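S.K.: below are the sequence and a predicted model for it; my questions follow.
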Amino acid sequence: MGIGDTFDRLCRPFEGPNTIGNTRRFWIGFVVVVLALLGYPIGFGGYAASSAALYLLYAILGLSLSIIWGYTGILSFGQVVFFGIAGYSFALISMNLSSTLTTMLALPISVAVATIASLVLGYFMFYGEVRDVYVTILTLVVSIVMNTFMAQTAGSEWTVGSVALGGFNGIPAIPSLTFSVGDASVVLDGSSFYWFTLIALLVVYLGLRALVNGRFGYTMVATREDEDRTEMLGYDVRRIKLLVFGLGGALAGFAGVLYATWGNYVSPSVFGITFASIPVVWVAVGGRRSLLGAVVATVVIEWFRQQLSATGSQYAMVIVGAVLLLAILFVPEGVIPRLNVALLNVRDRSETTPDSPDGTPE
Amino acid sequence: MTATDTATDTDSTEESQTALDAAGRQSPPVAATGPGTDTLLQTSGLTKRFGGFTAIDNVDFSVDEGQLRCLIGPNGAGKSTLLKLITGRHDATSGAIYYDGEDIADLRPNDRVDLGIGMKFQVPSVFDELTAYENMRLSVQRTHGDDNLDEAILDGLKRIDLAERATTPAGELSHGQQGRLEIGMAAALEPDLLLLDEPVAGLSLEERREVADLVTELNGDGIAFIVIEHDIDFVAEIADEVTVLHGGQVFREGSIEDIRADDEVRRIYLGGE
């Protein structure tokens, strides 16, 4: 009983009405899944782990949209902008100052650059009273502009320090993340990169669970539900939206750095309209108002997309589009929240049946 | 603060406000609210134009501390617009709104709430998808730390007789309960002035009674009120003072007896606008 209580107490900061999975049963399952994921590279080897790491870093990108769109009600197509900006920043910083120390520093600096970019864009949108669909359009336009701009940087004049931006071809040979203490250094690739990304995803997921179930999380939800009403409770909704947008930018930027070091490559396609719309699909299918939904849907859809592409199918995006359409039509709240409700109903039924042997019909 | 200090303050305010302010509005030289006066809120030459239509026309209107002032008038008289100007939902075309000694006309709505002005909208506007508890939490967490948050939220709900409905989504509460929840949320912000836009419209007699009791109780705690209401019996029950708006201007002010006895007021209500 003592262990159970301690377990419950440890879980409590991450529980609340703004997330699904607030039972001991959920957390036990959660721990089992995390342990299984930690063991994945041991069972399947470094190559499989490396492929899977891509889905995990995408999940961080998915979470960045979940808090902005699902929790605060701002549909942004711009998450890839901060993802790409951080990826390019990491490439430029780490390749210009190539030493293990600068590779370590390049990570936080690149995330900071992406965060500042999101705060600047957010400031002009939210303090300029841009609302609703206009935010969506604006963020989409910014990603298209970035895509077009970076694609035309093929000329030799587009060189930052010793690194050419490379136009449509992008920047190859970006160093992997390397952590060093004294003479010892660890290069993150294969399994180690997978573990790093998995733990990062875990920290981000739990951190966001604590956030959305806390004071600030309530104000995010209130802002989503009714901005004018929220203002009449004394909250500065412009500030709330800006802070969430900045946090989303930071998370997307972090994912972008992971992406650039994962494939040692970044190109303008990260700003492209296809990639810009994919996070919206993940979050819509998984469940806008569910952090877990965003993670699960991202991993499943990306795994699926990868399998189709690997077999040479050209239809991956068509099928993903169809999945989005079906989800919007039949499970508008998202697949994971729907499954959660179904599971809770099953549990309630199995728990109430022994108590009422007469089988009182509902 | 001594009387001399107050006088000096007022003098300096006068000097600075005869000039055009940042928004280009000419603020009349009065600052009759704040320390040393009983006046909590004072509008001065307040005007709001929508295109060619003047909804609020040069209105001087005031509320004393702890006073319950009802605002009546025919449809289109500008009552709701006046409240929206005070809360900052609309920006004034010209004129000033003094609250507790400062001109708040350029402040954002949330900053005015922070100063102590609360509002209940005409249509109950609670957060439909959140439970009554979560609605109340959003308000109570502005004034309470984490230690006694839960207790304070339940106290807030008890005050409006909704403690039993804590886990009900606000959208599933009755019209009257939603109205009470909204007033309760505004009151939980510990305001000095509460603005209510038709708090009993569409309510049953019993629900009306509950709202009247709640308003009287809060008023007894020292909260001043501006209440827009068409129901003259309700007004008679709660009001200290009544202001009649007509065509965007203050038409009459006085006690409910005076207003009821006024033939002119009866005329504008019964037609011939």
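M.R.: Yes, it's here. Because the structure is a prediction, the values reported are computed rather than measured.
S.K.: could you use CA atoms for every contact and neighbour count after this?
M.R.: OK.
S.K.: so what touches stretch A:210-230?
M.R.: Contacts with stretch A:210-230, where a contact means CA atoms under 8 Å, 6 or more residues apart in numbering or on different chains, come from A:13-19, A:71-74, A:235, A:237, A:240-241, A:244, B:125-127, B:129, B:134, B:138, B:141.
S.K.: what kind of secondary structure is B:Glu207 in?
M.R.: In terms of secondary structure, B:Glu207 is helix; the call rests on DSSP: H, G, I helix; E, B strand; the rest coil.
S.K.: sketch out the low-pLDDT regions of chain B for me.
M.R.: Applying pLDDT under 70 to chain B flags residues B:1-36, B:270-273.
S.K.: so what's B:Leu83 up against?
M.R.: By CA under 8 Å, 6+ apart, the contact list for B:Leu83 reads B:Leu195, B:Asp197.
S.K.: for A:Leu247, that is, sorry about that
M.R.: For A:Leu247, counting by CA under 8 Å, 6+ apart, the contacting residues are A:Ser64, A:Thr115.
S.K.: secondary structure class for it?
M.R.: When states are read from three-state DSSP, the local structure at A:Leu247 comes out as helix.
S.K.: next, count neighbours for A:Gly128.
M.R.: The local packing of A:Gly128 (other CA atoms under 10 Å in any protein chain shown) involves 10 other residues.
S.K.: that one in helix, strand or coil?
M.R.: Taking three-state DSSP as the rule, one finds A:Gly128 in the coil state.
S.K.: restricted to helices, list the contacts of stretch A:210-230.
M.R.: Judged by DSSP state H, the contacts of stretch A:210-230 include A:Val237, A:Ile240, A:Lys241, A:Val244, B:Glu134, B:Leu138 as members of helices.
S.K.: tabulate those (TSV), appending distance to A:Asp183 and neighbour count.
M.R.: As requested, those are arranged in TSV below (distance: CA to CA, whole Å; neighbours: other CA atoms under 10 Å in any protein chain shown):
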residue	distance to A:Asp183	neighbour count
A:Val237	49	23
A:Ile240	44	18
A:Lys241	44	24
A:Val244	39	25
B:Glu134	54	21
B:Leu138	52	25
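S.K.: list the contacts for the residue nearest in space to the middle of chain B?
M.R.: Nearest to the mean C-alpha position of chain B, counting by CA atoms, centre = their mean, stands B:Leu195 at 1.9 Å. Residues counted as contacts of B:Leu195 (CA under 8 Å, 6+ apart) are B:Leu83, B:Ile117, B:Gly118, B:Met119, B:Lys120, B:Phe225, B:Ile226, B:Val227.
S.K.: which residues sit in contact with the third one?
M.R.: Spelled out, it's B:Gly118. The contact partners of B:Gly118, by CA under 8 Å, 6+ apart, come to A:Met232, A:Leu233, B:Thr87, B:Ala186, B:Ala187, B:Leu189, B:Pro191, B:Asp192, B:Leu193, B:Leu194, B:Leu195.
S.K.: from B:Gly66, how far off is the fifth one?
M.R.: Pointing back at B:Ala187 there. Taking CA to CA, to the nearest Å as the measure, B:Ala187 and B:Gly66 are separated by 14 Å.
S.K.: these two: which is more packed in?
M.R.: Using other CA under 10 Å, the more surrounded residue of B:Ala187 and B:Gly66 is B:Ala187, with 24 against 20.
S.K.: residues contacting residue 206?
M.R.: Going with chain A. When contacts are counted by CA under 8 Å, 6+ apart, A:Leu206 is found next to A:Phe14.
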